[in-house]
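Visitor: Next come a sequence and a model predicted from it.
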Protein chains: 2
Amino acid sequence: MSQSFTPISSLGEFGLIDRMQSRLADIPRSENLIVGIGDDAAVYRAGDTKLHVVTTDVLIEGVHFDRTFIPTSYLGWKAIAVNVSDVVAMNAKPLYATVSAGLPRNFSVEMMDGLYDGMAEACKAYGMELVGGDTSTAHALYLSITVIGEVDEKDVVFRRGANVGDYLCLSGDVGGAYAGLKVLLDQREQLENMGDSYEPDLEAFQYVIRRQLRPKARLDVIEGLKKAGVRPTSMIDVSDGVASEVHHIGLRSGVGATVRVPAVPFDPETRAVADQFMDDVDAYALFGGEDYELLFTVAPEDVQAIDDMEGVSVIGTIEEAAKGVRAYSPDTGLMPLHPAGYQHFDGPPQTDYETNDGEEGPSFGDTEFSGDGA
Amino acid sequence: MSQSFTPISSLGEFGLIDRMQSRLADIPRSENLIVGIGDDAAVYRAGDTKLHVVTTDVLIEGVHFDRTFIPTSYLGWKAIAVNVSDVVAMNAKPLYATVSAGLPRNFSVEMMDGLYDGMAEACKAYGMELVGGDTSTAHALYLSITVIGEVDEKDVVFRRGANVGDYLCLSGDVGGAYAGLKVLLDQREQLENMGDSYEPDLEAFQYVIRRQLRPKARLDVIEGLKKAGVRPTSMIDVSDGVASEVHHIGLRSGVGATVRVPAVPFDPETRAVADQFMDDVDAYALFGGEDYELLFTVAPEDVQAIDDMEGVSVIGTIEEAAKGVRAYSPDTGLMPLHPAGYQHFDGPPQTDYETNDGEEGPSFGDTEFSGDGA
């Protein structure tokens, strides 16, 4: 019996998600499911006024991380944090996590201790519990985490919901995680070239390396917004880069947007890394992934409250869909802002870790299909 | 900086779980969490009268399955079904699933279609929805599924709860999945020895092969029990073999048990396989894993209702803890029944698929630590 073989990479990322969704299309839909595939997390009813949200993210050695860079305690932290970030992007509070771990044979008890210590630390930091899991031998280290969160029905925020005239806001600074990745990859290359005689210098770039290896989920930001009496009209977490996430909000909300490039904040260390590599720091800020900041929109009447909040920037405005997603800077004027910013770089940031094993065909990278697919 | 390297296999399965739990011990416990690690699924409050349950299970190529045996549609089905089985073991109804998939480069679009078709079919069969996921390239095929279910607080059944004098009951028949595995492994060996000239004969063993490759979660059994007005006092699904599961109920409930061996049902095809391999069919029935039947206890006043149910057998009685877990058969009389039945075989059934890659140290297999750890 012969079967045809179409490589998955031939579908492209959006094609892959469309294909998966089409295979699942005729599953009957429950009235308690508010949002399935298509946001940062799925949302369903749990009690009269409460909604629960659920999200899952996988981290695979050689695809998402290089074990020579990252202490296992950081990896455990990061695996929890990236999922919490998706929960927080629904304006929800994380409650419970489960962990599926595949451990390779060269993984020690000491490494496992670090991994679970990191997960425990993240659970404590975000006020949640690790309630179950499954652990198995595997070919390489992988971690698949699922986090369940809770939100009052009146407070839930989706990617859809941005209105023309709303302001586009961003927590923290961006581009740092990508800068950290650049530094780590560069150090790895130098180490490979120069061998043991090479002394890595990571002191100068502690902030950006930490942004890459130990990102924070911005639970504090949604708590701050609540305190300030602001409910965003739409929200998403910045896992694939600001430009990509603005497109997601635009697509789901049926709007366009203009991002004011000088208003997009980056850390001085991020600039230092970009300068060192002779890159454009704005490209890091707009297209670098894995910052896990929150990108959200607020109604005009709330913009004063946002201005009063520390660590949140207004970076643009929501416009008619016909105008598309644009970037404005004094140098270039108004320009279309493409989502796939990583084409400016030497590859998608999320697959930079990947080992080139000489097999044919590109990898298709990472496709979070609880999201819209980028 | 030197770090010690203790192989994980040195901990043993229970040691591994203890170690993981100890790293997580100081995470503060929420009052809404009813059961965390330590049952088939974690249980938490969701609304005034409803509880939610969550469980996660991972299937890894070369550890849990051999892709040359199993069509991807069966694999998709099985990945959902084994999780549903854990939900059902809490007397809960499955609602939502998320899927983390790692796909190797030699995985085609056609295989992916099969995988998602199988998952969709299982979702439809069990009345649930696939609400999110994350897909990535990986070194081998792996599937990590999380299923969330719901149960009225008054109906939830734990592993704890069996009382002295209760009857021990089992749905369906057991040993079949293990018999199917034996047949498949034997066919693989013959194929390796004889090459292309070998014609596999799988017709004679369709039932047991299906038990192995396409197991059913017994949602119908908990529906039947509800209809009959019976709420089990304790329940667990049979993933590691009847003997092992009786020990789990005993341990959690603080009781002993006697299993009447002649009362443990197996299919004639299971016997035929055991005969062919000159094995004891009772060993298949008591120690063979992956049948995903339900093992539960009922109060004496409910045993008549159980006798009236089709496809449910009374296989023993619950006794004082001091008596331990025992098996009775006319041939041997009363004997201690050990949980690790697979020591009678050539290896734990769940790791039989594993590729021997010549590296040092045994694998530690699969450790579901939402369960008690066997």
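Guide: Sure thing, it's come through.

Visitor: so what's residue A:243 up against?
Guide: A:259, A:286-287, A:325, A:327, A:337-339, A:341 (CB atoms under 8 Å, 6 or more residues apart in numbering or on different chains). Bear in mind the C-beta positions are built from the backbone N, C-alpha and C, glycine included.

Visitor: Please tell me how far it sits from residue A:285.
Guide: 9 Å (CB to CB, to the nearest Å).

Visitor: didn't residue A:114 look like it was pressed against residue A:70?
Guide: No. Counting by CB atoms under 8 Å, residue A:114 stays clear of residue A:70, with 10.1 Å between them.

Visitor: Between those two, which is the more surrounded one?
Guide: Higher neighbour count among residue A:114 and residue A:70: residue A:70, with 23 against 20, using other CB atoms under 10 Å in any protein chain shown.

Visitor: gap between the spatially closest residue to the more buried one that is not a sequence neighbour and chain B?
Guide: Leaving aside its chain neighbours, residue A:70 sits nearest to residue A:213 (5.0 Å; criterion: CB to CB, 6 or more residues apart in numbering or on different chains). Separation of residue A:213 from chain B (CB to the nearest CB, to the nearest Å) stands at 17 Å.

Visitor: and if you look at residue A:163?
Guide: 26 Å.

Visitor: coming back round to it: ok, the residue nearest to residue A:70 - contacts?
Guide: Residue A:213 makes contacts with A:69-71, A:74, A:78, A:180, A:184, as judged by CB under 8 Å, 6+ apart.

Visitor: how about a cut-off of 7 Å?
Guide: Shown in contact with residue A:213 (CB atoms under 7 Å, 6 or more residues apart in numbering or on different chains): A:69-70, A:74, A:78, A:180.

Visitor: Give me the local confidence score for it.
Guide: Residue-level confidence at residue A:213 comes out at 95, pLDDT.

Visitor: try residue A:98
Guide: Model confidence at residue A:98, given as pLDDT, is 96.

Visitor: residue contacts, it?
Guide: So residue A:98 contacts A:131-133, A:146, B:54, B:56, B:146 (CB under 7 Å, 6+ apart).

Visitor: go again using 8 Å as the cut-off
Guide: A:130-133, A:145-146, B:42, B:54-56, B:146, B:370.

Visitor: Sitting in strands, which of these do you find?
Guide: A:130-133, A:145-146, B:42, B:54-56, B:146 (DSSP state E).

Visitor: Tell me how far the residue in chain A that chain B sits nearest to lies from residue B:86.
Guide: Using CB to the nearest CB, the single residue of chain A nearest to chain B is residue A:47, 2.7 Å away. Residue A:47 is 23 Å from residue B:86, where distance means CB to CB.

Visitor: Quick check: buried residues in the longest helix along chain A?
Guide: Longest helix in chain A by number of residues (criterion: DSSP state H): helix A:176-194. Within helix A:176-194, the residues scored as buried using 16 or more other CB atoms under 10 Å in any protein chain shown are A:176-184, A:187.

Visitor: can the residues you listed go into a markdown table with extra columns for pLDDT?
Guide: Below are the buried residues of helix A:176-194 laid out as a markdown table (pLDDT from 0 to 100):
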| residue | pLDDT |
| --- | --- |
| A:176 | 97 |
| A:177 | 97 |
| A:178 | 96 |
| A:179 | 96 |
| A:180 | 96 |
| A:181 | 94 |
| A:182 | 94 |
| A:183 | 94 |
| A:184 | 92 |
| A:187 | 88 |
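
Visitor: from the chain's centre, how far out does the host helix or strand of residue A:18 sit?
Guide: Using DSSP states H and E, residue A:18 sits within helix A:12-23. Counting by CA atoms, centre = their mean, to the nearest Å, helix A:12-23 is centred 20 Å from the centre of its parent chain.

Visitor: Could you export that helix as PDB, CA atoms only?
Guide: In PDB, the C-alpha atoms belonging to helix A:12-23 read as follows (Å, rounded to 0.1, in the frame of the first residue of the first chain):
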ATOM      1  CA  GLY A  12       3.700  26.900   5.700                       C
ATOM      2  CA  GLU A  13       2.700  27.900   9.100                       C
ATOM      3  CA  PHE A  14      -0.700  29.300   8.300                       C
ATOM      4  CA  GLY A  15      -1.400  26.400   6.000                       C
ATOM      5  CA  LEU A  16      -0.500  23.900   8.800                       C
ATOM      6  CA  ILE A  17      -3.000  25.600  11.200                       C
ATOM      7  CA  ASP A  18      -5.700  25.700   8.500                       C
ATOM      8  CA  ARG A  19      -5.200  22.100   7.800                       C
ATOM      9  CA  MET A  20      -5.400  21.100  11.400                       C
ATOM     10  CA  GLN A  21      -8.500  23.200  12.000                       C
ATOM     11  CA  SER A  22     -10.200  21.600   8.900                       C
ATOM     12  CA  ARG A  23      -9.600  18.100  10.300                       C
END
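
Visitor: quick one: that helix near chain B?
Guide: Yes. Using CB under 8 Å from any CB of the partner chain, helix A:12-23 reaches chain B at A:16, A:19-20, A:23.

Visitor: For residue A:166, give me its contacts.
Guide: Contacts for residue A:166 (CB under 8 Å, 6+ apart) come out as A:233-234, A:297-300, A:317-318.

Visitor: one step back: ok, now which ones touch the residue of chain A closest to chain B?
Guide: B:46-48, B:50.

Visitor: Residue A:225 now?
Guide: Here residue A:225 is in contact with A:91, A:231-232, A:309 (CB under 8 Å, 6+ apart).

Visitor: ok, which stretches of the stretch 51-200 of chain A are strands?
Guide: Along the stretch 51-200 of chain A, the stretches classed as strands by DSSP state E, counting those that start in this stretch are A:93-103, A:129-137, A:142-152, A:167-171.

Visitor: Looking at those strands, spot the one closest to residue B:4.
Guide: For the strands of the stretch 51-200 of chain A, the distance to residue B:4 is smallest for strand A:93-103, at 16.9 Å, taking CB to CB.
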